[in-house]
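# Below is the sequence, then the predicted model.
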Amino acid sequence: MTAHRLSRLTASLHTSGLDALALNPGPSLVYLTGLHFHLMERPVVAFFAVDGRLAVVLPELELRKLDGLDFPVQGFPYGENPAEWEAAFRQACAALDLNGRRIGVEPRQMRLLESGYVKAGAPAADFPDGSQVVSSLRVCKDAQELAAMKKAVGIAQQSLEAALPLIRIGMSEQELSSELVLQLLRHGCQSELPFAPIVSGGPNGANPHANPGERPLQAGDLLVVDWGAAWGGYVSDLTRTFAVGQVDAEFEKIHKIVQEANAAGRAAGKPGAPCAVVDRAARGVIEAAGYGQSFTHRTGHGLGMEGHEDPYMRGDNQQLLAVGMTYTVEPGIYLPGRNGVRIEDDMAVTENGAESLSDMPRQMRVVG
């Protein structure tokens, strides 16, 4: 698998016109090599040359991670004295003849720390955005990747179902969020969650990315729960909205509208369809119901090794869906100072359409 991915990377580099790619610890490095490093005060950078050679600059204490790999790699270790680190980067860049070349980087991932050492190692090089070089490889998932994502979805759904009976009026958002994290770990989620659960009740639910706080859940609240699990290096990202006791008629109405928008978005995905079509399908339902201004974000985003990655379900995105692409459909309606609704599912493009990896009930359920 690793050899195949590295071969595809070499082809992608040739097509892009880049001479190399520099990656620091993160999903792309894991995807290509299986190597796991922490982002820390000691810089780690892997250089992938267009001719297939690979060099890794890393702390001496991490050097054994390069043992037993099924592909050739040159290690350039350094000790604890920061004054020695720049020399290791110069040696690695010289070994691959990178000075004066075009070295792609991932702007969202490469920190200023690593960037400084990479530029010191190849001071005459250019450093264009190389994100698409790896994204084009990662965007379509194979059967093994899809299986891991389905497992992550299952863990997430089982965990929330286990937490729901514990919800009580007067419980704080933070208490419920903490209980959900415990259930995720108990049901097999990796120790590093893809993101901290969003648990927001009543007026806080009108903030799509609210942080759980000390506000107690109250009768009449809509309760938005946005959560996910990680398994095998892949993640899920789901949202369901519940009623805390009896809610007003308008809140029931907007919940049904969002259900319909979610269904329309899920149905719109298929090979060859632009991402914009998915956004327009979901958004059109909400606009037709008179709540267009209350849907304030894109309809979805890609996911896989990361919670947010290509492709993005935006109204201006003409990227075409292809078999194996995975993404969310998560329309919402947000009424400031009152309540909010979001319903989110994880999708995978198939030969004939798009399959929902998640099947937790979407209709309004009463809790508390």
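Now that the structure is in, tell me what you want to look at.

# okay, CA-based contacts and neighbour counts for the rest of this
Noted.

# so who does Glu60 touch?
By CA atoms under 8 Å, 6 or more residues apart in numbering, the contact list for Glu60 reads Pro77, Tyr78, Gly79.

# What is the nearest of the residues you listed to Ala348?
Taking CA to CA as the measure, Ala348 lies nearest Pro77 of the contacts of Glu60, at 40.8 Å.

# Please report the distance of the closest one from Ala49.
The spacing between Pro77 and Ala49, counted by CA to CA, to the nearest Å, is 19 Å.

# Could you do Ser16 as well?
Here Ser16 is placed at a distance of 13 Å from Ala49 (CA to CA).

# Looking at these two, which is more packed in?
Just comparing Ser16 and Ala49: by other CA atoms under 10 Å the higher neighbour count belongs to Ala49, 22 against 13.

# which residues does the more buried one bridge with?
Note on Ala49: beta-bridge partners by DSSP bridges are Ala20.

# Near Glu106, how many residues? Count them for me, please.
Residues near Glu106, counting by other CA under 10 Å, number 21.

# who touches it in this structure?
Counting by CA under 8 Å, 6+ apart, Glu106 has contacts Ala22, Leu23, Asp129, Gly130, Ser131.

# Just send those residues back as TSV, with pLDDT, neighbour count and secondary structure too.
Listed next are those as TSV, based on pLDDT from 0 to 100; neighbours: other CA atoms under 10 Å; DSSP: H, G, I helix; E, B strand; the rest coil:
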residue	pLDDT	neighbour count	secondary structure
Ala22	98	23	strand
Leu23	98	25	strand
Asp129	97	16	strand
Gly130	97	21	coil
Ser131	95	17	helix
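
# what's the most distant pair in these?
Leu23 and Asp129 (11.6 Å).

# Domain map for the chain?
2-137, 139-367 (automatic domain parsing).

# What about Arg168, how many residues nearby?
With other CA under 10 Å as criterion, Arg168 counts 17.

# The stretch 151-300 of the chain: helices as residue ranges?
Counting by DSSP state H, counting those that start in this stretch, the stretch 151-300 of the chain has helices at residues 173-186, 249-268, 275-288.

# Just the CA atoms of the first one, as PDB, please.
Spelled out, it's helix 173-186. Provided in PDB are the C-alpha atoms of helix 173-186 (Å, rounded to 0.1, in the frame of the first residue of the first chain):
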ATOM      1  CA  GLU A 173     -24.000  21.400  28.100                       C
ATOM      2  CA  GLN A 174     -20.500  20.700  29.400                       C
ATOM      3  CA  GLU A 175     -21.800  17.700  31.500                       C
ATOM      4  CA  LEU A 176     -23.400  16.100  28.500                       C
ATOM      5  CA  SER A 177     -20.300  16.800  26.300                       C
ATOM      6  CA  SER A 178     -18.100  15.100  29.000                       C
ATOM      7  CA  GLU A 179     -20.400  12.100  29.200                       C
ATOM      8  CA  LEU A 180     -20.400  11.800  25.400                       C
ATOM      9  CA  VAL A 181     -16.600  11.800  25.400                       C
ATOM     10  CA  LEU A 182     -16.600   9.000  27.900                       C
ATOM     11  CA  GLN A 183     -19.000   7.000  25.800                       C
ATOM     12  CA  LEU A 184     -16.900   7.500  22.700                       C
ATOM     13  CA  LEU A 185     -13.800   6.100  24.500                       C
ATOM     14  CA  ARG A 186     -15.800   3.200  25.900                       C
END
